[in-house]
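[1] What would the 3D arrangement of this be:
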Amino acid sequence: MPPGTRALTCDACRRMEMELTTGHGFKADLSKEEPLPAEVGGHKIEKVLGVGGMGTVYLAREPVLGRPVALKLLHISLRTPEITEQLLQEAVVTGTLTHPGIVPVYRVGTDPKLGLFYTMKLVSGRSLTDILGGIRDDRPEDVERYTLPALLAIFLRVCEAVAFAHYMGIVHRDLKPANIMVGEFGEVMVLDWGLARVVDERGDRRHPAMTAAAELGLKVAKGPGLSRPGTVLGTPGYMSPEQARGQAMTAGPASDVYALGAVLYQILTLRLPVDGRPDEQLGRTIRGQVVPIEKRPLGRNAPKVLAGEAMKALSLDPAKRHADARELAREIEAYLEGRVAWSPRAEGWSPVAGEWRISPTELQAQKAPARVAHKARLNGDVRFSAGVVGSPTRPSWRLDVWLGVRSAEATDGYLCRVVAGEDGAVEFYRGGVLLGRRPGIAPDPHVPHDIAVSRDGERISISVDGQRIFEHRDVFPLRGQVLAVATDDPGLRLSPVLVESRARNGGDACGEG
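    Prediction:
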């Protein structure tokens, strides 16, 4: 790689990527720089904006309005009927997708000398590739502006645009940060629909370019085109396993979900899900050899819920991914809004001391002092709730709920204590030190009471019968993974018992624990 480059791939790998984005047998000759045309279809050409595997995008001026537009033209070596049909389909497909996150098409036409072209809105901004490169290189302005929430907001907009395309029966097949443009005023655009697959209600491929070709008097090749069996289409590192196996002809929304998962993976780690050169990446993609996010240097700090969504989207089996981009978008939206659901933990309990009668939803101390620990490793937020009633022969009872302890027998975590009876109270300890006590709480020891203890980010709270009695905010939360219950009162019964957990936004990272 040349010193100081912002590119993420070398020239040799980039050439291979270009070949894959034009299909086998369609290799553009990019060894010589093509001359800058003075005019295309009446549009004055000012400069080159970008060069892709199929064509060049120029900055142009419209003939009447003088409005700046982006004009796309095929490479000289690719002006064949088959590739012309591909560019025309790209223009028609993009023009069909009237969504704020998809660039509008202004005009489709032909130039007497240069052939088919189309113009679209000029999107000012930077690609997501460039932004992630700036973060990787510790550019202060990028690190400060594009925090994880900001990047997720961009990603959510991309998911929404792709979800609209899926609703319209269109699969992109080449989603990647280079095809995501971020404007200076919050615009997010999904570009380059050149590999899009368009299907009808039955899933059969449609040819939307045929009608447009007839109107323009163009000779195009109506055939399988880029959807021929065995064609490998997409960009290594982002393309789905089915695309890498040459099954692009049947690629559906799940293939785009895989690519979105790769983009999310890169946002979290600044790395691709698979390592190696493009040919090695294809093989590893086919075999499902995605590097776990927590194995990446930056991945250890990734929130678990986001890492889980990325790895789900990157599943080898399409059926195990999100159903479409809309489902993935909803998960990201829920994360950003803090609506991550609590998940019941059904791993069960293990007795540590004394004797217990244990069932999936009930605990009863038979011989005290007694202690029982939950079998789950609870890294993130955790919530314990139970209906508690003491022995009819005893005037009081005490329930200890331990959170954040490092082992089933340890006492180095948080202790939430509820005492029922005449001397009832609620107490809170951290590492053996009493930090708070609420006396005067006198639950009747012989009737059921609902006790709830939760660790929600930095806050630990204790509730009795739906009333929050105590809350403590710990700036430096303990990171033990075990929840335990203890009592000195034989006959104490907890029913029903429920343990729930969730990975909190911005909270537990993949490498913790």
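[2] who does the longest helix anywhere in the chain touch, helix- and strand-wise?
    If you go by DSSP state H, the chain has its longest helix at helix 148-167. Secondary-structure packing of helix 148-167 (3 or more CB pairs under 8 Å, 6 or more residues apart in numbering; DSSP states H and E): strand 180-183, strand 188-190, helix 253-269, helix 325-336. In short, each C-beta sits where N, CA and C put it, glycine included.
[3] what residues does it touch?
    With CB atoms under 8 Å, 6 or more residues apart in numbering as the test, helix 148-167 has contacts from 97, 99-102, 128, 131, 171-172, 175, 180, 182, 188-190, 196, 253, 256, 260, 263-264, 267-268, 306, 324-326, 328-329, 332-333, 335-336, 506.
[4] Past that helix, which element shows up next along the chain?
    Next helix or strand after helix 148-167 toward the C-terminus (DSSP states H and E): strand 170-171.
[5] Could I get the average pLDDT for that next one?
    Regarding strand 170-171, the rounded mean pLDDT is 92.
[6] Which strands or helices does that strand pack on?
    On a contact count with 3+ CB pairs under 8 Å, 6+ apart, strand 170-171 meets strand 197-198, helix 253-269.
[7] 7 Å instead?
    The helices and strands touching strand 170-171, judged by 3 or more CB pairs under 7 Å, 6 or more residues apart in numbering; DSSP states H and E, are helix 253-269.
[8] From the chain's centroid, how far away is the longest helix of the chain?
    Centroid displacement of helix 148-167 relative to its chain, using CA atoms, centre = their mean, to the nearest Å, is 10 Å.
[9] re the thing from before, which of the helices and strands packed on helix 148-167 has the highest mean neighbour count?
    Mean neighbour count, computed with mean count of other CB atoms under 10 Å, is highest for helix 253-269 among these, reaching a mean of 26.
[10] Would you mark the buried spots in the helix or strand following that one?
    Per DSSP H and E, helix 253-269 leads on to helix 278-287 as the next helix or strand towards the C-terminus. For helix 278-287, burial by neighbour count (16 or more other CB atoms under 10 Å) applies to 278, 281-282, 284-286.
[11] what's the answer for stretch 148-164, then?
    151-164.
[12] cool, stretch 301-320 as well?
    Going by 16+ other CB under 10 Å, stretch 301-320 has these buried residues: 301-307, 309-316, 318.
[13] again, but for stretch 454-465
    By neighbour count with 16+ other CB under 10 Å, stretch 454-465 contains the buried residues 454-455, 457, 460-464.
[14] export the buried residues of helix 278-287 to TSV and tack on pLDDT?
    Converted to TSV, the buried residues of helix 278-287 look like this (pLDDT from 0 to 100):
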residue	pLDDT
278	88
281	93
282	92
284	95
285	94
286	94
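[15] related to what we said a few turns ago, would you point out the most distant pair within the buried residues of stretch 148-164?
    Pairwise distances across the buried residues of stretch 148-164 peak at 20.9 Å for 151 and 164 (criterion: CB to CB).
[16] quick one on the thing from earlier: so which of the buried residues of stretch 301-320 are in helices?
    Members of the buried residues of stretch 301-320 lying in helices (criterion: DSSP H): 304-307, 309-313.
[17] Mind putting these into a markdown table with distance to residue 400 and pLDDT?
    Shown next, in a markdown table, are these (distance: CB to CB, whole Å; pLDDT from 0 to 100):
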| residue | distance to residue 400 | pLDDT |
| --- | --- | --- |
| 304 | 28 | 86 |
| 305 | 30 | 87 |
| 306 | 34 | 93 |
| 307 | 33 | 93 |
| 309 | 36 | 94 |
| 310 | 38 | 96 |
| 311 | 37 | 96 |
| 312 | 37 | 95 |
| 313 | 42 | 96 |
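[18] Need the contact partners of stretch 50-62.
    Stretch 50-62 is touched from outside by 18-19, 21-22, 28, 34, 40, 43-49, 68-75, 78, 83, 86-87, 119, 122, 192, 194, with contacts defined as CB atoms under 7 Å, 6 or more residues apart in numbering.
[19] mean confidence for it?
    Mean pLDDT, stretch 50-62: 87.
[20] What residues sit buried inside it?
    The neighbour-count check on stretch 50-62 (16+ other CB under 10 Å) flags 52-62 as buried.
[21] With stretch 241-250 instead?
    Residues 241-244, 247-249 are the ones in stretch 241-250 that count as buried (16+ other CB under 10 Å).
[22] Closest one of those to residue 417?
    Nearest to residue 417 out of those is residue 241 (CB to CB; 52.6 Å).
[23] Please report how far the closest one lies from residue 254.
    According to CB to CB, to the nearest Å, residue 241 and residue 254 sit 10 Å apart.
[24] Over to residue 80?
    Residue 80 is 31 Å from residue 254, by CB to CB.
[25] Closest one of the buried residues of stretch 301-320 to residue 379?
    residue 304 (7.1 Å).
[26] Domains of the protein: list them as residue ranges, please.
    As given by automatic domain parsing, the domain ranges for the chain are 11-336, 343-502.
[27] any idea how far the first one is from the chain center?
    Yep, that's domain 11-336 we're talking about. The answer for domain 11-336 is 17 Å, by CA atoms, centre = their mean.
[28] who's in contact with stretch 390-399?
    By CB under 7 Å, 6+ apart, stretch 390-399 touches 388, 417-423, 445-446, 451, 487-492.
[29] Just the buried positions in that stretch, please.
    Neighbour-count burial for stretch 390-399, counted by 16+ other CB under 10 Å, picks out 390-391, 396-399.
[30] Endpoints of that stretch, how far apart?
    This stretch, stretch 390-399, spans 10 Å end to end (CA to CA, to the nearest Å).
[31] Renumber starting at 51 from here on
    Okay, residue one is now 51; in that scheme the one you just asked about reads as stretch 440-449.
[32] Not counting its neighbours along the chain, what's nearest residue 332?
    Nearest non-adjacent residue to residue 332, counting by CB to CB, 6 or more residues apart in numbering: residue 294, 4.7 Å away.
[33] where's that neighbour relative to residue 129, distance?
    Note on residue 294: its distance to residue 129, by CB to CB, is 29 Å.
[34] Kindly report the same for residue 366.
    Between residue 366 and residue 129 the computed distance is 39 Å (CB to CB).
[35] Could you give the average pLDDT over the longest strand seen in the chain?
    When the chain is parsed with DSSP state E, its longest strand is strand 412-424. Strand 412-424 shows a mean pLDDT of 96.
[36] Check which helices and strands it is in contact with.
    Against strand 412-424 (3+ CB pairs under 7 Å, 6+ apart) you get strand 399-409, strand 532-537, strand 543-552.
[37] And the contacts of stretch 141-161?
    Against stretch 141-161 from outside (CB under 7 Å, 6+ apart): 90-91, 119, 166-171, 173, 207-208, 210-211, 214-215, 218, 220, 238-241, 243, 246, 248, 258-259, 262, 266, 268.
[38] Among the residues you listed, name the buried ones.
    By neighbour count, with 16+ other CB under 10 Å, the contacts of stretch 141-161 hold 90-91, 119, 166-171, 173, 207-208, 210-211, 214-215, 220, 238-241, 243, 246, 248, 258-259, 262, 268 as buried.
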